[in-house]
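J.: Sequence and predicted structure, then a few things I'm wondering about:
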Amino acid sequence: MALKLVLVFLGGGLGSSLRFLLGYWSVHHLATVTRWPWGTFAANLLGCLAVGMAGGYAMGRLFVDDASRAFLIIGVLGGFTTFSSFGFETFALYRAGHLALALGYATASVLLGLAAVAAGYALSR
(Lines give C-alpha, C1' and ligand atoms only; values in the text may rest on other atoms or scores of the structure.)
Protein backbone atom coordinates (compact mmCIF):
# COMPACT_ATOMS: atom_id res chain seq x y z
CA MET A 1 0.00 0.00 0.00
CA ALA A 2 2.73 2.50 0.91
CA LEU A 3 4.64 1.81 -2.32
CA LYS A 4 1.49 2.31 -4.42
CA LEU A 5 0.79 5.60 -2.64
CA VAL A 6 4.30 6.84 -3.40
CA LEU A 7 3.95 5.75 -7.03
CA VAL A 8 0.60 7.54 -7.37
CA PHE A 9 2.15 10.64 -5.80
CA LEU A 10 5.12 10.61 -8.18
CA GLY A 11 2.99 9.81 -11.22
CA GLY A 12 0.49 12.52 -10.28
CA GLY A 13 3.26 15.09 -10.09
CA LEU A 14 4.53 14.02 -13.49
CA GLY A 15 1.06 14.05 -15.05
CA SER A 16 0.19 17.45 -13.55
CA SER A 17 3.48 18.89 -14.80
CA LEU A 18 2.80 17.56 -18.30
CA ARG A 19 -0.71 19.06 -18.18
CA PHE A 20 0.73 22.41 -17.11
CA LEU A 21 3.26 22.39 -19.94
CA LEU A 22 0.61 21.49 -22.50
CA GLY A 23 -1.65 24.26 -21.24
CA TYR A 24 1.20 26.76 -21.20
CA TRP A 25 2.19 25.86 -24.76
CA SER A 26 -1.39 26.08 -26.04
CA VAL A 27 -1.99 29.48 -24.46
CA HIS A 28 1.16 30.89 -26.01
CA HIS A 29 0.73 29.32 -29.44
CA LEU A 30 -2.99 28.84 -30.03
CA ALA A 31 -4.90 31.28 -27.80
CA THR A 32 -4.23 34.16 -30.15
CA VAL A 33 -5.87 32.20 -32.98
CA THR A 34 -8.99 30.91 -31.22
CA ARG A 35 -10.80 31.02 -27.88
CA TRP A 36 -11.17 27.21 -27.87
CA PRO A 37 -9.49 25.77 -24.73
CA TRP A 38 -7.00 23.67 -26.69
CA GLY A 39 -4.84 22.71 -23.71
CA THR A 40 -7.70 21.15 -21.75
CA PHE A 41 -9.24 19.67 -24.89
CA ALA A 42 -5.94 18.07 -25.93
CA ALA A 43 -5.23 16.83 -22.38
CA ASN A 44 -8.66 15.22 -22.18
CA LEU A 45 -8.36 13.51 -25.56
CA LEU A 46 -4.74 12.44 -25.09
CA GLY A 47 -5.54 11.21 -21.58
CA CYS A 48 -8.47 9.18 -22.91
CA LEU A 49 -6.33 7.71 -25.67
CA ALA A 50 -3.57 6.84 -23.20
CA VAL A 51 -5.90 5.32 -20.60
CA GLY A 52 -7.59 3.26 -23.32
CA MET A 53 -4.21 1.97 -24.45
CA ALA A 54 -3.02 1.31 -20.89
CA GLY A 55 -6.30 -0.37 -19.98
CA GLY A 56 -6.18 -2.46 -23.13
CA TYR A 57 -2.68 -3.66 -22.36
CA ALA A 58 -3.55 -4.31 -18.73
CA MET A 59 -6.67 -6.29 -19.65
CA GLY A 60 -5.34 -8.00 -22.73
CA ARG A 61 -2.03 -8.90 -24.20
CA LEU A 62 0.33 -7.74 -21.48
CA PHE A 63 0.10 -8.25 -17.78
CA VAL A 64 0.63 -4.99 -15.93
CA ASP A 65 1.29 -5.26 -12.21
CA ASP A 66 -0.66 -3.20 -9.66
CA ALA A 67 2.28 -0.88 -8.96
CA SER A 68 2.66 0.01 -12.65
CA ARG A 69 -1.09 0.60 -12.99
CA ALA A 70 -1.05 2.81 -9.89
CA PHE A 71 1.81 4.89 -11.29
CA LEU A 72 0.57 5.21 -14.87
CA ILE A 73 -3.23 5.12 -14.77
CA ILE A 74 -4.03 6.65 -11.38
CA GLY A 75 -0.91 8.79 -11.03
CA VAL A 76 0.30 10.05 -14.40
CA LEU A 77 -3.01 10.00 -16.26
CA GLY A 78 -5.01 11.03 -13.20
CA GLY A 79 -2.71 14.01 -12.77
CA PHE A 80 -2.82 14.77 -16.48
CA THR A 81 -6.62 14.61 -16.64
CA THR A 82 -9.39 13.01 -14.65
CA PHE A 83 -11.41 13.02 -17.84
CA SER A 84 -9.42 9.97 -18.90
CA SER A 85 -10.75 8.08 -15.86
CA PHE A 86 -14.28 9.18 -16.72
CA GLY A 87 -13.83 7.98 -20.29
CA PHE A 88 -12.38 4.65 -19.20
CA GLU A 89 -15.11 4.01 -16.63
CA THR A 90 -17.84 4.86 -19.15
CA PHE A 91 -16.25 2.58 -21.74
CA ALA A 92 -15.91 -0.21 -19.16
CA LEU A 93 -19.64 0.01 -18.43
CA TYR A 94 -20.40 -0.11 -22.16
CA ARG A 95 -17.99 -3.00 -22.72
CA ALA A 96 -19.63 -4.92 -19.90
CA GLY A 97 -22.97 -4.61 -21.69
CA HIS A 98 -24.42 -1.81 -19.58
CA LEU A 99 -25.20 0.67 -22.37
CA ALA A 100 -27.98 2.49 -20.50
CA LEU A 101 -25.82 2.81 -17.40
CA ALA A 102 -22.88 4.07 -19.47
CA LEU A 103 -25.05 6.69 -21.18
CA GLY A 104 -26.61 7.69 -17.87
CA TYR A 105 -23.22 8.00 -16.21
CA ALA A 106 -21.82 10.08 -19.08
CA THR A 107 -24.84 12.35 -19.22
CA ALA A 108 -25.07 12.79 -15.46
CA SER A 109 -21.32 13.40 -15.14
CA VAL A 110 -21.29 16.13 -17.78
CA LEU A 111 -24.52 17.86 -16.77
CA LEU A 112 -23.99 17.62 -13.02
CA GLY A 113 -20.33 18.56 -13.43
CA LEU A 114 -21.35 21.74 -15.23
CA ALA A 115 -24.00 22.40 -12.60
CA ALA A 116 -21.39 21.92 -9.85
CA VAL A 117 -19.07 24.39 -11.57
CA ALA A 118 -21.93 26.91 -11.76
CA ALA A 119 -22.85 26.28 -8.11
CA GLY A 120 -19.25 26.63 -6.98
CA TYR A 121 -18.94 29.86 -8.94
CA ALA A 122 -22.17 31.19 -7.42
CA LEU A 123 -21.07 30.23 -3.90
CA SER A 124 -17.78 32.03 -4.38
CA ARG A 125 -19.48 35.30 -5.33
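T.: That came through fine. Numbering: from 1, shown residues only.
J.: contacts, neighbours, all on C-alpha from now
T.: Will do.
J.: Mind listing what's buried along the helix or strand of the chain with the lowest mean pLDDT?
T.: When the helices and strands of the chain are compared on mean pLDDT, DSSP states H and E, helix 38-59 comes out lowest with a mean of 82. By neighbour count with 16 or more other C-alpha atoms under 10 Å, helix 38-59 contains the buried residues 38-40, 42-44, 46-48, 50-52, 54-55, 58.
J.: nearest to residue 19, of those residues?
T.: residue 43 (6.6 Å; C-alpha to C-alpha).
J.: gap between whichever helix or strand residue 116 is part of and the chain center?
T.: Assigned by DSSP states H and E, residue 116 belongs to helix 99-124. Distance of helix 99-124 from its chain centroid, counting by C-alpha atoms, centre = their mean, to the nearest Å, is 16 Å.
J.: ok, now stretch 11-24?
T.: The answer for stretch 11-24 is 12 Å, by C-alpha atoms, centre = their mean.
J.: Likewise for stretch 41-58?
T.: 8 Å.
J.: ok, residues contacting that stretch?
T.: Contact partners of stretch 41-58, identified using C-alpha atoms under 8 Å, 6 or more residues apart in numbering, comprise 19, 22, 63-64, 69, 73, 77, 80-85, 87-88.
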